[in-house]
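S.K.: Could you work out the structure for the sequence below:
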Amino acid sequence: MPSNVTWLINKSVFLKICFLIYAGIALVVFLNSTYPALRGAIESTVNHQAAECVGLWDANTYYQYAETVKTDGTQILVDIFNARVFNLLPPIFLLLLLQNNFLFVFCFNVLVLYLSLFSMLKYCKPDDQLRIFFLTIINPFIFYCLMAINKEMTSIASILFLAAYIVSNRKKYVFFSLLCAFFARFPLVIIVLVFLIFKHMINKRKRLILLLGYIGVLTILVPRLGLFTDIIKKLYEKSSTGIVFFMNEMAENYYLFFLVFIPKILANFFAQLSKTTFESFSSPIVYSELLFLVIIFLSILKKKYRLQNDYYLLFLLYVILISISPIVHHRYFLPIYPLLVIIYVQRRTKMKGVFSQ
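M.R.: A predicted model of the protein is given here:
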């Protein structure tokens, strides 16, 4: 066997061994910290802040709803639908498929990360594989998202499968991306479908026109979607800084989404950094935002952000649509972290989104 082929095989095996070690560490953390905290959160013996520290941002809510469906029937799903809190439904559906079992969910998250990440990596050059793999898994926010049910892990998988489609042009990855998007956020399904339409427009000017049209359509639709529900208003009464509330009002009542979407994107990226204290450095969100900041800055220096780049196009479609959400939180943008890593590692000679093989 030629030495270069052996080297490629060794690199692939090395990465898979690293992932096994990563998953093993996650399992130890899950069994020793997350599992007891999750049980306590569901039984109301652990406070909300303590639960968030071990990655249970909304997990206990999803588990409680899924348990209610199992014991009392589907009326709670109808109530959620009528309340227009649609993004509660995908994780509840997934929990019902996984029998509302904590360990099954953990294994599912590890498996879906492995399949999506290595589906994309196998089309990259070995040096690119190493850089993308390690820059991805060093994000502690992704690590904690492995521990329990959330929309972030399936969203990350959806984006990575779509990245695999970009580099390979194999249609099966589109199916996997849409399937993961269905169990993540319904807007992500729209993002995938819109990207597939835009992808065939290679000309920069045409993509820019389509992107402006995309923003214009969203500007018209936001006031008609009724996203600023009574539930959201109650949340903001407790936690809003006032700025986000104002931007939501502008988009919801005055058709000004085209003016406020950029500050809302920045808020989703870096809001936690702006109010960081010494104690908050224990939060994986802070470290994730720092990684975002560094990778975005380095990519700007290398002039990696170009509209002809399929990865950058997907990035824009994602952040623009997700910024519609009336709630600002960094975890909504976590799924595009691997995408930013790919853009950073990507070679400039392949700016249309295809790695040299």
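S.K.: longest helix of the chain?
M.R.: Identified as the longest helix of the chain according to DSSP state H is helix 3-29.
S.K.: Just the buried positions in that helix, please.
M.R.: Of all the residues in helix 3-29, those buried under the rule 16 or more other C-beta atoms under 10 Å are 11, 15, 19, 22-23, 26-27, 29. C-betas here are computed from N, CA, C, even on glycine.
S.K.: again, but for stretch 29-37
M.R.: Result for stretch 29-37 [16+ other C-beta under 10 Å]: buried residues 29-30, 34-35, 37.
S.K.: Reformat these as TSV; add pLDDT.
M.R.: TSV is the format used below for the buried residues of stretch 29-37 (pLDDT from 0 to 100):
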residue	pLDDT
29	91
30	92
34	82
35	83
37	78
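S.K.: Adding distance to residue 165, write those out as TSV.
M.R.: Formatted as TSV, the buried residues of stretch 29-37 follow (distance: C-beta to C-beta, whole Å):
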residue	distance to residue 165
29	32
30	31
34	32
35	35
37	37
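S.K.: Which of these sits closest to residue 324?
M.R.: Among the buried residues of stretch 29-37, residue 34 lies closest to residue 324 (C-beta to C-beta), at 30.8 Å.
S.K.: thought that closest one was touching residue 145?
M.R.: No - with contact defined as C-beta atoms under 8 Å, residue 34 does not reach residue 145; the gap is 10.9 Å.
S.K.: elements contacting the helix or strand containing residue 300?
M.R.: Here residue 300 sits within helix 284-301, counting by DSSP states H and E. With contacts taken as 3 or more C-beta pairs under 8 Å, 6 or more residues apart in numbering; DSSP states H and E, helix 284-301 sits against helix 140-145, helix 257-274, helix 337-345.
S.K.: CA atoms only for the second one, dumped as CSV, please.
M.R.: Looking back up the chat, that one is helix 257-274. The C-alpha coordinates for helix 257-274 follow below in CSV (Å, rounded to 0.1, in the frame of the first residue of the first chain):
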residue,chain,number,x,y,z
PHE,A,257,-37.0,44.3,10.2
PHE,A,258,-34.6,45.3,7.4
LEU,A,259,-33.2,47.9,9.8
VAL,A,260,-33.0,45.9,13.0
PHE,A,261,-31.8,42.5,11.8
ILE,A,262,-28.1,43.4,11.9
PRO,A,263,-28.1,44.5,15.6
LYS,A,264,-30.2,41.5,16.5
ILE,A,265,-27.6,39.2,14.8
LEU,A,266,-24.8,40.9,16.7
ALA,A,267,-26.8,40.5,19.9
ASN,A,268,-27.2,36.8,19.3
PHE,A,269,-23.5,36.4,18.6
PHE,A,270,-22.0,38.5,21.4
ALA,A,271,-24.6,39.6,24.0
GLN,A,272,-23.1,37.6,26.8
LEU,A,273,-19.7,39.0,26.2
SER,A,274,-21.0,42.5,26.7
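S.K.: And it, how far out from the chain middle?
M.R.: Counting by C-alpha atoms, centre = their mean, to the nearest Å, helix 257-274 is centred 16 Å from the centre of its parent chain.
S.K.: between that helix and helix 284-301, how big is the angle?
M.R.: For helix 257-274 against helix 284-301, the angle by axes from the mean of the first three to the mean of the last three C-alpha atoms, to 10 degrees is 120 degrees.
S.K.: contact partners of helix 257-274?
M.R.: Outside helix 257-274, the residues within contact range by C-beta atoms under 8 Å, 6 or more residues apart in numbering are 215-216, 218-219, 222, 243-244, 247, 250-251, 280, 283, 285-286, 289-290, 292-293, 296, 319-320, 322-324, 328-330, 332-333.
S.K.: run the last query once more with 6 Å
M.R.: Helix 257-274 is contacted from outside by 215, 218-219, 222, 247, 250-251, 285-286, 289, 292, 319-320, 323, 328, 330, 332-333, using C-beta atoms under 6 Å, 6 or more residues apart in numbering.
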